[in-house]
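Engineer: requesting a structural model of the entry that follows:
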Amino acid sequence: MHKSVLSRVKPHPEGGFAHDIKDKLLTGLGATADHFLRTFLSSRMLVSNIPVIPNLIREEYRKKWDFYRNPEFISKPQTFFIPPKKTEPLIRAADPMNLPIHDAIFEDVIFPSEFAPLNPAYHEAEIFPSPQPYSMARHIRHKTGLRGGDPNNRPTLIVVHGYVLDGYDFNARLFEVAKFFRLGFNILMYTMPYHGPRKKPNAAFSGDGFMFFDAASIAENVRWSIHDLTRYVDFLSERSKEPIGMMGFSLGGYHTALMASLEKRLAFAIPVVPVITLFDVILDWQPSAGVIKTFMKFLGMSRESINETLAVVSPLARPPVVPHDRRLIIAGTADRMAHPNHAHSLWHHWKHPKIYWFPGNHLVHFEKTHYMREVVAFLRGLGLY
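Structural biologist: Numbers count the residues shown, from 1 in each chain. Below you'll find the model as predicted:
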């Protein structure tokens, strides 16, 4: 077994995992719970996508997707992920969160989301809500620096939520933000487009609009989110020379893995139960998967061709720029929202960095105490606190 696997649970070389009876029971229960959850989310996503289906039937509309197959977008990522313009944010005081920490400053850092599709064949209103909601992040920082003085002179952990699950209080507990604050980190909690205060008008749910059956919408939405994330890295880098790292959950894990292939300023990257191939998730979730597969068969489209179109926003399309010893993957053996295949593919692409497999599903993380201990040891080994 590869020495980079930190967990008690180990993957079998021929597939599956080496579980004891207790683990098998937990895995079975976890996988069943995930099936119910993904059916609920898939049903809502299917209803919200009904208006785009007439466009997808038109061949001239799908021809616009060819724009994203430009190989230069992968070899020269700055031609696709165009760096944001320098803009000063609005910083406003936020209500203190109910966390077991002291002497914390809570602020919202707000940027105008000045963004337009790269593909000239699209009008802005076709893909993005108009007007676009502001870019938003919650900043939780210390009142003083590590050695006194400027409070910005501390390492920062950027945490990125999952699809639909954008609440600050929920994510503060999910990521155990208080633990990292007590270790000396400042925390920045990023909100993706279409989520929370960034929801589009008349959205059916938080996140409605991010995951579309339209490949162009997926590609441009990811561009939008990476654009805004990069703006926050710029903001933090201008205020301090201390390290900045990322930890993301689910779709936030996807963001973390993708940023690890684009952003050299990241000191570490920790994707947790990451989604890696976005369209594969859409084709795994029933009942929407059945509808989309039927349309794809009717239109002569394949999973492989759509994934080739979306390679431009794939964490697997480029080598990581975050050093090997600064990458750590956390994944669940019973995850059926983002199947373990996603984490496996990233682990192989990243040349087998440290990985921890816990016997749980997408939301219920058995042995979380153990893997959080590994995360803390990982950060300590990097000399970050």
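
Engineer: least confident secondary structure element in this structure?
Structural biologist: When each helix and strand of the chain is scored by mean pLDDT, DSSP states H and E, strand 17-18 comes last, with a mean of 62.

Engineer: quick one: low-confidence ranges for the chain?
Structural biologist: 1, 12-36, 124-130 (pLDDT under 70).

Engineer: mind listing what the residue nearest the centre of the chain touches?
Structural biologist: The C-alpha lying nearest the average C-alpha coordinate of the chain belongs to residue 252 (Cα atoms, centre = their mean; 1.9 Å). For residue 252, the contact set (Cβ atoms under 8 Å, 6 or more residues apart in numbering) comprises 159, 160, 161, 162, 192, 271, 272. Yep, even glycine has a C-beta here, placed from its N, CA and C like the rest.

Engineer: what is the neighbour count of the first one?
Structural biologist: Around residue 159 there are 28 other residues, counting by other Cβ atoms under 10 Å.

Engineer: give the contact list for it.
Structural biologist: For residue 159, the contact set (Cβ under 8 Å, 6+ apart) comprises 171, 175, 177, 187, 188, 189, 190, 246, 247, 248, 249, 252.

Engineer: who does it bridge with?
Structural biologist: Note on residue 159: beta-bridge partners by DSSP bridges are residue 189, residue 247.

Engineer: report the beta-bridge partners for residue 148.
Structural biologist: The partner residues for residue 148, given DSSP bridges, come to residue 146.

Engineer: same question for residue 111.
Structural biologist: Beta-bridge partners, per DSSP bridges, of residue 111: residue 135.

Engineer: thought it was touching residue 134?
Structural biologist: Yes: counting by Cβ atoms under 8 Å, residue 134 is a contact partner of residue 111 at 6.6 Å.

Engineer: the more surrounded of the two?
Structural biologist: residue 111 (20 against 16).

Engineer: which stretches of this structure form strands?
Structural biologist: Assigned by DSSP state E, the strands in the chain fall at 10-11, 17-18, 90-93, 104-111, 135-142, 156-160, 186-191, 244-249, 266-272, 328-332, 354-358.

Engineer: send me stretch 242-257 as PDB with only the CA atoms.
Structural biologist: What follows is stretch 242-257 as a C-alpha-only set of coordinates in PDB (Å, rounded to 0.1, in the frame of the first residue of the first chain):
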ATOM      1  CA  GLU A 242       2.300  35.700   5.200                       C
ATOM      2  CA  PRO A 243       1.200  32.300   3.500                       C
ATOM      3  CA  ILE A 244      -2.200  31.800   2.000                       C
ATOM      4  CA  GLY A 245      -3.700  28.300   1.600                       C
ATOM      5  CA  MET A 246      -7.100  26.800   0.600                       C
ATOM      6  CA  MET A 247      -9.400  24.100   2.000                       C
ATOM      7  CA  GLY A 248     -12.600  23.300   0.200                       C
ATOM      8  CA  PHE A 249     -15.500  20.900   0.600                       C
ATOM      9  CA  SER A 250     -17.200  19.100  -2.300                       C
ATOM     10  CA  LEU A 251     -17.600  21.700  -5.100                       C
ATOM     11  CA  GLY A 252     -15.300  23.800  -2.900                       C
ATOM     12  CA  GLY A 253     -12.800  20.900  -3.100                       C
ATOM     13  CA  TYR A 254     -13.000  21.200  -6.800                       C
ATOM     14  CA  HIS A 255     -12.200  24.900  -6.600                       C
ATOM     15  CA  THR A 256      -9.300  24.100  -4.300                       C
ATOM     16  CA  ALA A 257      -7.900  21.500  -6.700                       C
END
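
Engineer: make residue 1 into 450 and carry on from there
Structural biologist: Yep, numbering from 450; the last one is stretch 691-706 now.

Engineer: chain center to it: distance?
Structural biologist: Centre-to-centre, stretch 691-706 and its host chain are 6 Å apart (Cα atoms, centre = their mean, to the nearest Å).

Engineer: what does stretch 645-662 give?
Structural biologist: Distance, centroid of stretch 645-662 to centroid of chain: 16 Å (Cα atoms, centre = their mean).

Engineer: how far away is residue 538 from residue 640?
Structural biologist: 13 Å (Cβ to Cβ, to the nearest Å).
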